[in-house]
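Novice: this is the structure alone, sequence omitted:
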């Protein structure tokens, strides 16, 4: 998907949205949030959904998600001490894998700052392998609530 | 000061208080926030006050604060995905150095989780040395607003 | 490029290789290095090359690199207290942008743990825009030394 | 102990010493390693000793250490991409608590950059309370090997 489309992403594309206040050390020497920190925030928002809505308890749950891929496109910068808002939606829900789209906004600012994605493969704690029958029912139902498929960019008014 | 006194600290002892949502990687393998992360949050809250209330602009300000000492007493644990609240007060305001007391609470929970302190020596960007005339007026006035001196623990009712 | 090809990456594919000892808090609650930490290490190795070999001085250089895209495929895990080895090569050298391929190995272990990439657009500090004449000569020459183009996976002996 | 004494600390005061390459995001906007990062490195070196020499396996060990106090005095700065060296010694070995002194050096540089300390209280995983009979034998013996008591600063030749 092209950068022009990614730039049209807005908060309402993401049914789960959390605020993260940036921290002093999030900024790097160029006085903006280091690009690697975006991944920490995306990871935090996705896992927060898993813990709070999907019954995942990281130290003991029989199934848990392993990240196998992540990517991010950085569209504009954000800097400490701003407050970030991170949105999550599921765009693909497979038998044992889940693909999320995630985006970062700045509180008080419309434009999206970054859009990324990552893929979790759920595995059984006992074996480290994907479960034969796929992810469990509680997880599937909760992920299904934010499974809206790929974001469809708005048609450009200028072309009408 | 004894641990018993530190445990009586409460939010109203700290005139500047900010919320920080914890992040997935704040937790360590013992399923609670790693002790080193407290320092990041204390540092973030203090610098936030300096940036937002004291006119400090980290990349260009002619004076900035160097940490020369920090300490923390850990009283109870907090774990992702909780929201932390970090309080700051100035307990000593010298010619070029400032001593802060900082504390960490968990949103929705009364007891204090950790109490710490750190010391900033303000130096001139040009020389790396404390300014001859001490910290500048804007900084002194703004720090003065949260300079309440050491926290005086409440007298124990049980001893009356 | 397929995962099977990524799994054939080896240290000699990367002309610049640095050791990074993992840290206690790199591990997450699943007792392996958190996936977001890979990006910190990739970023650290690339910037180390820029600082040590390309004449970049982050606080003052007239040109510096903005990350506009990053991605990582996670192939196997690594855990504290292991020592990581991070390799860097340039796979595309444009007028003002550079595409790196990066990979993470574990000291004492042959198989590659993760392969990623990111894209830097170099901008002028004064304007925040790509320089009219592209990246400067010192930078181009130094990046040219590790510009080996895309990695060509080995032909599989078993198919011969 | 006075700062003058802390400044005389040297590598041979610490029987366990590990190298940590600094990372891009360790530096803050003042172009030196953020003070909170020191604590991460101290924590990493101490836990490395516990894992590699004392039989601690963080996800399963029946006893593990909770940090109850930490402090650091910052004497000079270090900056990415330098390599740090972190030293550890035990200065007090109680029934269930251990007090470490830790120090940070820069590879290729004699002077100590920071000296700190922290206290671990070992607790039983099952109860979260210190074990009745104190820390186990393997742990006590291994910690005993680096238990050299407080560092005694050298007498100043100038006073003789």
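Specialist: Arrived safely, thanks for sending. No experiment lies behind these values; they were computed from the predicted model shown.
Novice: stretch A:96-106: how far from the chain's middle?
Specialist: Centroid displacement of stretch A:96-106 relative to its chain, using Cα atoms, centre = their mean, to the nearest Å, is 2 Å.
Novice: how about the residues of chain A near chain D?
Specialist: Contacts of chain A with chain D, taken as Cβ under 8 Å from any Cβ of the partner chain, map to A:24, A:25, A:27, A:28, A:29, A:31, A:34, A:36, A:37. Quick note: C-beta positions are derived from backbone N, CA and C, even for glycine.
Novice: in JSON lines, list these along with pLDDT, neighbour count and secondary structure.
Specialist: Written out in JSON lines, the entries for the residues of chain A next to chain D read as follows (pLDDT from 0 to 100; neighbours: other Cβ atoms under 10 Å in any protein chain shown; DSSP: H, G, I helix; E, B strand; the rest coil):
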{"residue": "A:24", "pLDDT": "96", "neighbour count": "24", "secondary structure": "helix"}
{"residue": "A:25", "pLDDT": "94", "neighbour count": "24", "secondary structure": "helix"}
{"residue": "A:27", "pLDDT": "95", "neighbour count": "27", "secondary structure": "strand"}
{"residue": "A:28", "pLDDT": "92", "neighbour count": "23", "secondary structure": "coil"}
{"residue": "A:29", "pLDDT": "90", "neighbour count": "23", "secondary structure": "coil"}
{"residue": "A:31", "pLDDT": "90", "neighbour count": "15", "secondary structure": "coil"}
{"residue": "A:34", "pLDDT": "95", "neighbour count": "21", "secondary structure": "coil"}
{"residue": "A:36", "pLDDT": "93", "neighbour count": "25", "secondary structure": "helix"}
{"residue": "A:37", "pLDDT": "96", "neighbour count": "26", "secondary structure": "helix"}
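Novice: residue C:51: which of those residues is nearest?
Specialist: For residue C:51, the nearest member of these is residue A:29. The distance, counting by Cβ to Cβ, is 10.3 Å.
Novice: returning to that earlier point: which of the residues of chain A next to chain D come close to chain B?
Specialist: For chain B, the contacts drawn from the residues of chain A next to chain D by Cβ under 8 Å from any Cβ are A:24, A:25, A:27, A:31.
Novice: now render those residues as a markdown table, adding distance to residue A:115.
Specialist: Conversion of these to a markdown table gives the following (distance: Cβ to Cβ, whole Å):
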| residue | distance to residue A:115 |
| --- | --- |
| A:24 | 26 |
| A:25 | 24 |
| A:27 | 21 |
| A:31 | 23 |
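Novice: report the two of those separated the most.
Specialist: Using Cβ to Cβ, these span at most 12.7 Å, a distance reached by A:25 and A:31.
Novice: common neighbours of these two, please.
Specialist: With contacts defined as Cβ atoms under 8 Å, 6 or more residues apart in numbering or on different chains, no residue is adjacent to both residue A:25 and residue A:31.
Novice: distance check, the nearest residue to residue A:51 once chain neighbours are set aside against residue C:89.
Specialist: If the residues on either side of it in the chain are set aside, residue A:51 comes closest to residue B:81, at 5.7 Å by Cβ to Cβ, 6 or more residues apart in numbering or on different chains. Between residue B:81 and residue C:89 the computed distance is 38 Å (Cβ to Cβ, to the nearest Å).
Novice: wait, what's in contact with residue A:84?
Specialist: Taking Cβ under 8 Å, 6+ apart, one finds A:19, A:20, A:21, A:22, A:33, A:41, A:78, A:104, A:105, A:106, A:107, A:113 in contact with residue A:84.
Novice: ok, so of these, who is nearest chain C?
Specialist: When these are ranked by distance to chain C (Cβ to the nearest Cβ), residue A:41 comes first, at 8.8 Å.
Novice: check whether stretch A:136-156 contacts chain B.
Specialist: No - using Cβ under 8 Å from any Cβ, stretch A:136-156 never reaches chain B; the gap is at least 15.0 Å.
Novice: can you list the buried residues in stretch A:80-100?
Specialist: Residues of stretch A:80-100 classed as buried: A:80-90, A:93, A:96-100 (neighbour count, 16 or more other Cβ atoms under 10 Å in any protein chain shown).
Novice: can you map out the helices along chain A?
Specialist: Taking DSSP state H, the helices of chain A run over residues A:3-6, A:35-53, A:137-145.
Novice: now, of those helices, which is deepest in the fold?
Specialist: The highest mean neighbour count among the helices of chain A, using mean count of other Cβ atoms under 10 Å in any protein chain shown, belongs to helix A:35-53: a mean of 23.
Novice: packing partners of that one?
Specialist: Using 3 or more Cβ pairs under 8 Å, 6 or more residues apart in numbering or on different chains; DSSP states H and E as the contact test, the elements touching helix A:35-53 are strand A:16-21, strand A:63-74, strand A:83-93, strand A:97-106, strand A:112-124, helix A:137-145, helix C:35-53, strand C:63-74.
Novice: and the second one, which strands flank it?
Specialist: When you say that, I think you mean strand A:63-74. Based on DSSP bridges, the strands next to strand A:63-74 in the sheet, each with its direction, are strand A:112-124 (antiparallel), strand C:63-74 (antiparallel).
Novice: tilt between that strand and strand A:97-106?
Specialist: Between strand A:63-74 and strand A:97-106, the angle comes out at 40 degrees (axes from the mean of the first three to the mean of the last three Cα atoms, to 10 degrees).
Novice: quick one: distance of strand A:63-74 to the chain centre.
Specialist: 9 Å.
Novice: for stretch A:120-138, same thing?
Specialist: Using Cα atoms, centre = their mean, we find the averaged C-alpha position of stretch A:120-138 to lie 20 Å away from the chain's own average C-alpha position.
Novice: in that stretch, what's buried?
Specialist: Neighbour counts over stretch A:120-138 (16+ other Cβ under 10 Å) mark A:120, A:121, A:122, A:123, A:130, A:131, A:134, A:135, A:136 as buried.
Novice: re earlier: taking the contacts of residue A:84, please make a PyMOL selection of just the buried ones.
Specialist: Command for PyMOL, covering only those of the contacts of residue A:84 found buried under the criterion 16+ other Cβ under 10 Å:
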select buried, chain A and resi 20+21+22+33+41+78+104+105+106+113
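Novice: for the contacts of residue A:84, give me JSON lines that also has pLDDT.
Specialist: As requested, these are exported to JSON lines (pLDDT from 0 to 100):
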{"residue": "A:19", "pLDDT": "98"}
{"residue": "A:20", "pLDDT": "98"}
{"residue": "A:21", "pLDDT": "98"}
{"residue": "A:22", "pLDDT": "98"}
{"residue": "A:33", "pLDDT": "96"}
{"residue": "A:41", "pLDDT": "98"}
{"residue": "A:78", "pLDDT": "97"}
{"residue": "A:104", "pLDDT": "98"}
{"residue": "A:105", "pLDDT": "98"}
{"residue": "A:106", "pLDDT": "98"}
{"residue": "A:107", "pLDDT": "98"}
{"residue": "A:113", "pLDDT": "98"}
